[in-house]
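Asker: The sequence isn't on hand, but the structure is:
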Ligand SMILES: Nc1ncnc2c1ncn2[C@@H]1O[C@H](COP(=O)(O)OP(=O)(O)OP(=O)(O)O)[C@@H](O)[C@H]1O
Ligand SMILES: [Mg+2]
């Protein structure tokens, strides 16, 4: 049996426009199997728009997106079956519901729903707060719930939009361990982040966007040494 050696995600010549604004301009990059790739860039660079295009929430003006070697679905509902999960910038959780109720949402129709939810809760060390109201929990715990809600779908491509946003150093360290564990289980990870130290320590490769264009791409060391990155990033850490 031949194995599928296509990249988990291939974005090629992707252009997205909103009215007169070109949010993405000829963007291309890949995420290989078992790779952690960071997408970085100043506010408004187009990072979330890349996620939205991959997830079929915006329709590209041009370009192609392939997931596991096949064209990406055109309907967001089809992503789950293609092994793609994402977290949203911020939290994106449902207030007035418990932790368990939030986690079960993406697998509500699955016959083994309860067992999968229990395993996701355990893995995220959320078993003790399963029936807690989501609004009553500290922010770092809620961020962990958002991650668990993506992982409960057992993705092989995980898109994380600012997973470290609003977290302190200890929680970022905990997050790094969790993301590496996801990768070690064979899931590719594409993450958007503003925390430089976190990105440099966790990413296998970094793609730098500025004004909707890829201005640099490479290993953390290559990107750090690239003059284009410094000019794109003046002031970005304040965001
Ligand atoms: N639905 C939309 N309609 C119109 N313009 C949009 C829409 N979504 C994004 N934009 C614009 O596209 C550009 C890229 O936005 P995007 O949210 O992708 O940036 P980002 O890199 O994620 O920024 P941040 O770091 O602030 O999250 C911005 O100028 C934004 O205002
Ligand atoms: Mg964004």
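Answerer: Ah, there it is. Quick caveat: nothing in here was measured; it's all calculated off a predicted structure. Ligands and ions are numbered 1, 2, ... in the order given.
Asker: Any chance of the backbone angles for residue 209?
Answerer: phi -110, psi 140 (degrees, to the nearest 10).
Asker: and the closest residue in space to it that isn't next to it in sequence, how far is that from residue 216?
Answerer: Among residues not flanking residue 209 along the chain, residue 41 sits closest, at 3.6 Å (CB to CB, 6 or more residues apart in numbering). Bear in mind the C-beta positions are built from the backbone N, C-alpha and C, glycine included. For residue 41, the distance to residue 216 equals 10 Å [CB to CB, to the nearest Å].
Asker: thinking again about what came up before, was I right to think the residue nearest to residue 209 contacts residue 49?
Answerer: No - with contacts defined as CB atoms under 8 Å, residue 41 does not count as touching residue 49, sitting 10.7 Å away.
Asker: So if I had to pick from those two, which one is more boxed in?
Answerer: Comparing residue 41 with residue 49 by other CB atoms under 10 Å, the one with more neighbours is residue 41, at 25 against 21.
Asker: residues contacting that one?
Answerer: For residue 41, the residues meeting the contact criterion (CB atoms under 8 Å, 6 or more residues apart in numbering) are 47, 208, 209, 210, 232, 236.
Asker: which ones among those are found in helices?
Answerer: Within the contacts of residue 41, residues falling in helices by DSSP state H are 47, 232.
Asker: could you dump the contacts of residue 41 to TSV with distance to ligand 1, neighbour count and pLDDT?
Answerer: Written out in TSV, the entries for the contacts of residue 41 read as follows (distance: CB to the nearest ligand atom, whole Å; neighbours: other CB atoms under 10 Å; pLDDT from 0 to 100):
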residue	distance to ligand 1	neighbour count	pLDDT
47	3	27	95
208	11	22	94
209	7	26	95
210	10	20	92
232	11	20	70
236	9	16	51
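Asker: Closest one to ligand 2 out of the contacts of residue 41, please.
Answerer: Proximity of those to ligand 2 (CB to the ion) peaks at residue 47, which lies at 4.9 Å.
Asker: Surely that closest one and residue 161 touch.
Answerer: Yes - Residue 47 is in contact with residue 161 according to CB under 8 Å; the separation is 7.5 Å.
Asker: hey, what's in contact with both of those two?
Answerer: When contacts are counted by CB under 8 Å, 6+ apart, the set common to residue 47 and residue 161 consists of residue 192.
Asker: How far off centre is the lowest-mean-pLDDT helix or strand in the chain?
Answerer: Ranking every helix and strand in the chain by mean pLDDT, DSSP states H and E puts helix 227-233 at the bottom, with a mean of 75. Helix 227-233 has its C-alpha centroid displaced from the chain centroid by 23 Å (CA atoms, centre = their mean, to the nearest Å).
Asker: Quick one: list the elements packing against that helix.
Answerer: When contacts are defined as 3 or more CB pairs under 8 Å, 6 or more residues apart in numbering; DSSP states H and E, helix 227-233 sits against strand 205-210, strand 213-218.
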